[in-house]
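> how would this look folded up:
(one chain, ligands or ions: 1)
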Amino acid sequence: MSSKSVPPARSLSGTIVLTPDKSIAQRAAIFSLLHKGPSTIYNYSQAKDPQTTLQCVQNLGAKVEIEADKISIYGVGREGISALTDELDCGNSGTAMRLLSGLLTGAGLSIKLIGDHSLSRRTMTRIISPLEKMGAHILARNGVFAPLYISRENPLKALEFTLPIPSAQLKSCILLAGLFGEEESCVIETIPSRDHTERLLQLRVETNALGTRRIYSSKSDEIPAQNYRIPGDYSAAAFWLVAGSIVPNSAITLPNVGLNPTRIASLQILKEMGAQIGIIEDNSEFDEPVAELTVQTTELTGIDIPQEWIPNAIDELPILAVAMAFANGDSHIRGAAELRHKETDRIMAITKLLDAIGSSYVEYDDGLSIQGNPNLDFDCAQFESFHDHRIAMASAIAALQGNKLSSIKDAEATAVSYPEFWNHLNLLRH
Ligand code: S3P
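Numbering: from 1, shown residues only. Here you go, the predicted structure:
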């Protein structure tokens, strides 16, 4: 890994066709394996995480054919899954490891799941204890971390499980295991997390008057073929929404951005900060809500993010922290302790980013307060990505506001979710 130099930007303008949605792509691959027969997916992601997942599903028996922007995945169905390798390498992807752990528990395969340095340091306790209740035997390093050795000798038990944290990875893990059960399993969600799994698998969902959702899965659910076009990744769009707001004389257009309502709290946050974002809905080619987004330079004001918005903005908090550093007034991110369990401890990583640009902040266990300054002045900032794709990209956007060349250590981390990021930045520079 090496350092990348990032010069300041005088203006950003143009149209960017975003990288495909990582969360949807990974699910498309896993659910295609579970469907018996062909699935055709357009615009599958070239990013590392979705490619890792695609390799894993091939190692579980799926055949994959790639032709331009179309991939065909021939799934083997629930009964046909088999371990063609001794271990599955989930790379940097928490989504791959947690969803596949559920699937393997359901299928009753004995297999080892491994991950890279970062993934091997992220807690797996949240999935281990419910999966053990469903009958899995899971051996983990120190009882908590990957590698995970998963097996199941006893029959699968259905589980009614109330999510202790709003995690779509945990929810999807349990629902995937549940798909193999004679009796129905049910995940109860009081705070909404991203709902791609229940949408793409067309699972039964009941919502009560208080908004609590009960999502069911069992063997009798048919697994639909995954025939669709993957929209642009909103989490990638967020970097340009902030860049287009804070870099002078900017105007950026982002066609075909996925606007799943469980993903876009940061859009609301940026609007409340005063960002000038245009939204033109166009769902013609996609199954999920999709729109063209436009953004232009404007002065932002600080915000105290309502805590109930945090789960639906969790991946965007690093780039929102950059927006807050250049806004008028103070901003507060609280109730976001989950950030400490991402690809790196993102609260720590954000404080290092803010240190690099001379921004003032207070760090809490569960977030930060940031003292905004639209005239924040810095020269050669030295950023560190901590091998985290979102920290690398947030650093790059902050670097655009410097007076001189900045540098980002381990900037290649962007390829985990957005391999085209640096090219897109060059296309936008004017
Ligand atoms: C994801 C869910 C979120 C998110 C991650 C992708 C998914 O994690 O942070 O980038 O695809 O399900 P949690 O479910 O752990 O909150």
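> Count the residues that sit near Ile174.
If you count neighbours by other Cβ atoms under 10 Å, Ile174 ends up with 26. All C-beta atoms are positioned from the backbone trio N, CA, C, and that covers glycine.
> Quick check: what element follows the strand or helix carrying it along the chain?
Using DSSP states H and E, Ile174 maps to helix 168-178. Using DSSP H and E, the helix or strand that follows helix 168-178 in sequence is strand 185-189.
> got the CA positions of that following strand in PDB?
Coordinates of each C-alpha in strand 185-189 appear next as PDB, following Å, rounded to 0.1, in the frame of the first residue of the first chain:
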ATOM      1  CA  SER A 185     -38.300 -17.900  12.000                       C
ATOM      2  CA  CYS A 186     -39.100 -14.300  12.700                       C
ATOM      3  CA  VAL A 187     -36.900 -11.200  13.100                       C
ATOM      4  CA  ILE A 188     -38.400  -8.300  15.000                       C
ATOM      5  CA  GLU A 189     -37.100  -4.900  14.200                       C
END
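> Start the count at 523 instead of 1 going forward.
Will do, 523 is the new start, and the previous item becomes strand 707-711.
> which parts of the stretch 523-672 of the chain sit against the ligand?
Contact residues, the stretch 523-672 of the chain versus the ligand (Cβ under 6 Å from any ligand atom): Ser545, Thr617.
> Could I get the full set of helices for the stretch 523-672 of the chain?
544-556, 570-581, 599-602, 616-629, 647-655 (DSSP state H, counting those that start in this stretch).
> As a markdown table, those with mean pLDDT, mean neighbour count and distance to Gly700 would be great.
Listed next are those as a markdown table, based on pLDDT from 0 to 100; neighbours: other Cβ atoms under 10 Å; distance: least, Cβ to Cβ, whole Å:
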| stretch | mean pLDDT | mean neighbour count | distance to Gly700 |
| --- | --- | --- | --- |
| helix 544-556 | 98 | 28 | 12 |
| helix 570-581 | 98 | 23 | 19 |
| helix 599-602 | 98 | 14 | 12 |
| helix 616-629 | 98 | 27 | 7 |
| helix 647-655 | 98 | 18 | 10 |
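> Of those, which is nearest Ala813?
With Cβ to Cβ, the closest approach to Ala813 among the helices of the stretch 523-672 of the chain belongs to helix 544-556: 15.5 Å.
> which strands and helices sit next to the closest one?
strand 558-564, helix 570-581, strand 592-598, helix 616-629, helix 690-700, helix 718-722 (3 or more Cβ pairs under 8 Å, 6 or more residues apart in numbering; DSSP states H and E).
> Okay, the residue in the stretch 523-672 of the chain that the ligand sits nearest to and Pro828: tell me how far apart.
Taking Cβ to the nearest ligand atom, the ligand has its nearest neighbour within the stretch 523-672 of the chain at Ser545, 3.4 Å off. Applying Cβ to Cβ, to the nearest Å, the value for Ser545 to Pro828 is 23 Å.
> Which pLDDT does the model give the residue nearest to Ser642 when sequence neighbours are not counted?
Once flanking residues are discounted, Ser642 sits nearest to Ala668: 4.8 Å by Cβ to Cβ, 6 or more residues apart in numbering. Predicted confidence (pLDDT) for Ala668: 98.
> where does Phe683 fall, phi/psi-wise?
Backbone torsions of Phe683, given as degrees, to the nearest 10, read phi -130, psi 120.
> Neighbours of it, how many?
With other Cβ under 10 Å as criterion, Phe683 counts 21.
> Surely it touches Gly700?
No - between Phe683 and Gly700 there is no contact under Cβ atoms under 8 Å: 9.0 Å.
> pLDDT of the helix holding Ile696, averaged?
Rounded mean pLDDT across helix 690-700 is 98.
> what's around Phe900, how many residues?
Neighbours around Phe900, by other Cβ under 10 Å: 17.
> From what I see, it and Ile879 are in contact.
Yes - with contact defined as Cβ under 8 Å, Phe900 counts as touching Ile879 (4.8 Å).
> joint contacts of those two?
Listed as contacting both Phe900 and Ile879 by Cβ atoms under 8 Å, 6 or more residues apart in numbering are Gln923, Gly924.
> Quick check: Asn778 vs Tyr564, distance?
To Tyr564, Asn778 is 11 Å away according to Cβ to Cβ.
> These two: who's more crowded?
The neighbour count for Asn778 versus Tyr564, taken as other Cβ under 10 Å, is higher for Asn778 (20 against 15).
> quick one, what contacts the residue nearest to Ser642?
Counting by Cβ under 8 Å, 6+ apart, Ala668 has contacts Cys612, Met619, Leu635, Ile636, Gly637, Leu641, Ser642, Arg644, Met646, Ala662.
> Among those, name the ones in strands.
Leu635, Ile636, Ala662 (DSSP state E).
> Quick check on those: which are buried?
Leu635, Ala662 (16 or more other Cβ atoms under 10 Å).
> Phi, psi for Ala773 please.
Dihedral angles (degrees, to the nearest 10) for Ala773: phi -150, psi 110.
> just to revisit the earlier point, Arg716 is in contact with the residue of the stretch 523-672 of the chain closest to the ligand, correct?
Yes - between Ser545 and Arg716 there is a contact under Cβ under 8 Å: 6.2 Å.
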